[in-house]
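K.L.:
no sequence on hand, only this structure:
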């Protein structure tokens, strides 16, 4: 959504999104030039790395141990990752060994469905990932409001007995399900997971529950590796899959009482807004390896996209309130009178007055979004 202001302007709306600056750029790998932001043609981009060390290098290339910085390391990190992968003989030979891909962006040309939904409903330009690292600690934190010491990957054989939003819901008698097609991160939480496998369902079950009016009160959807819009996958296919999920909700009997929060992990792409200072979730320190940069969980991750889709969502609203992804947990906890899980979700703002108009119900009649195309070029051998 770095170019969302252009789209909003075409709709006669305010251009208040803190998006991509006109002069956006990042120092080149060798530090001699600046790599400007550019519009991608391909919707398939080679992998980057949002890992613990590299994320800190993104914030401050020359002093990654600092808590903040000029956000000048994205191209360097993407280049170093590609060069290291090529050197170790990765099955994918990286064409972009200079990290230029970190500065690429999409617009409504590639993602008309998302640009429409973010403008019809609500978005935020201060919505941050929970943890300044890659997917595993963030996904654990998005269940438990704490990464439970995870830094990058979860060691094989690890299990967590910590409460999650799902155990709180279960204890309160609130119905819930996780819809997935390739497994769920809830599997790391034992014995809760094995004792509640009847709450783990397929994507087909999601559509069936919508059709039959049996959608639980709280659901979590985990897409597969083809439809998760990871950098090396076809992003339009992922967007089309998400459009199917959201459109099915809008056309169902559940729409009148639902809210759908759409968000992501960070993938190593450029941003100009640094992570925000926050609280450590609990007393569990990161389990750092000998070569990991020494740090804690006292700042958020990078900004990530957010679309808040509901009959009650304020139309065309842009939130500037700083929050991280555990704000969604706080929203569920507030809605159902549940306790908080950690110090992190406890300090999140109340999303109800921020995003919703419960009196006028602005989107009671769901809109008709554009069809999300899937025919854009998909290649890795060149840029853009």
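P.N.:
Okay, I see it. All of these numbers come straight from a predicted model, not from anything done at the bench. Numbering: from 1, shown residues only.

K.L.:
please tell me how far residue 246 sits from residue 151.
P.N.:
Distance of residue 246 to residue 151, computed by CB to CB, to the nearest Å: 33 Å. No exception for glycine: its C-beta is placed from N, CA and C like everyone else's.

K.L.:
now do residue 83
P.N.:
23 Å.

K.L.:
between these two, who's got more neighbours?
P.N.:
In this view residue 83 and residue 151 are compared by other CB atoms under 10 Å, and residue 151 has more residues nearby, 23 against 15.

K.L.:
is the more buried one in contact with residue 55, as I believe?
P.N.:
No: contact criterion CB atoms under 8 Å: residue 151 and residue 55 do not qualify, at 10.9 Å.

K.L.:
list residues touching both of the two?
P.N.:
Common neighbours of residue 151 and residue 55, using CB atoms under 8 Å, 6 or more residues apart in numbering, are residue 133.

K.L.:
backbone dihedrals for residue 176, please?
P.N.:
Here is the backbone geometry of residue 176 (degrees, to the nearest 10): phi -160, psi 160.

K.L.:
check contacts around it.
P.N.:
166, 169, 170, 199, 216, 217, 218, 219, 220 are the contacts of residue 176 under CB under 8 Å, 6+ apart.

K.L.:
tally up the residues packed near the fifth one, please.
P.N.:
Read that as residue 216. Residue 216 has 16 neighbours, counted by other CB under 10 Å.

K.L.:
what of the second one?
P.N.:
Other residues within reach of residue 169 by the criterion other CB under 10 Å amount to 20.

K.L.:
that one is in what secondary structure piece?
P.N.:
If you go by DSSP states H and E, residue 169 is part of helix 165-172.

K.L.:
which residues touch that helix?
P.N.:
With CB under 8 Å, 6+ apart as the criterion, helix 165-172 contacts 143-145, 175-176, 178, 186, 189, 192, 196, 199, 217-218, 220, 329, 332-333, 336-339, 341.

K.L.:
buried subset of those residues as a ChimeraX selection?
P.N.:
Restricted to buried positions by 16 or more other CB atoms under 10 Å, the ChimeraX selection for the contacts of helix 165-172 reads:
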select :143,144,145,176,178,186,189,192,196,199,218,220,329,332,333,338,341
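
K.L.:
restricted to strands, list the contacts of helix 165-172.
P.N.:
176, 178, 218, 220 (DSSP state E).

K.L.:
out of these, which is nearest to residue 365?
P.N.:
residue 218 (24.6 Å; CB to CB).

K.L.:
which residue sits closest to residue 253 in space, ignoring its chain neighbours?
P.N.:
Using CB to CB, 6 or more residues apart in numbering and skipping the chain neighbours, the partner closest in space to residue 253 is residue 213 (5.1 Å).

K.L.:
who's in contact with the one you found?
P.N.:
Residue 213 neighbours (CB under 8 Å, 6+ apart): 252, 253, 254.

K.L.:
ok, now residue 128?
P.N.:
Contacts of residue 128 by CB under 8 Å, 6+ apart are 275, 276, 300, 301, 302, 303, 304, 322, 323, 324, 325.

K.L.:
could you pull out the helices for the stretch 101-250 of the chain?
P.N.:
Using DSSP state H, counting those that start in this stretch, the helices of the stretch 101-250 of the chain run over residues 112-120, 135-144, 165-172, 192-195, 203-212, 235-250.

K.L.:
residues touching the fifth one, excluding its own?
P.N.:
Surrounding helix 203-212, the residues in contact under the criterion CB under 8 Å, 6+ apart are 177, 179-181, 201, 214-216, 219, 221, 245, 248-249, 252-254.

K.L.:
follow-up on the earlier one: mind putting the contacts of residue 176 in TSV, pLDDT and distance to residue 267 included?
P.N.:
Shown next, in TSV, are the contacts of residue 176 (pLDDT from 0 to 100; distance: CB to CB, whole Å):
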residue	pLDDT	distance to residue 267
166	98	26
169	98	29
170	98	32
199	98	29
216	98	30
217	98	31
218	98	27
219	98	24
220	98	20
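
K.L.:
closest one to residue 349 out of those, please.
P.N.:
residue 218 (19.7 Å).
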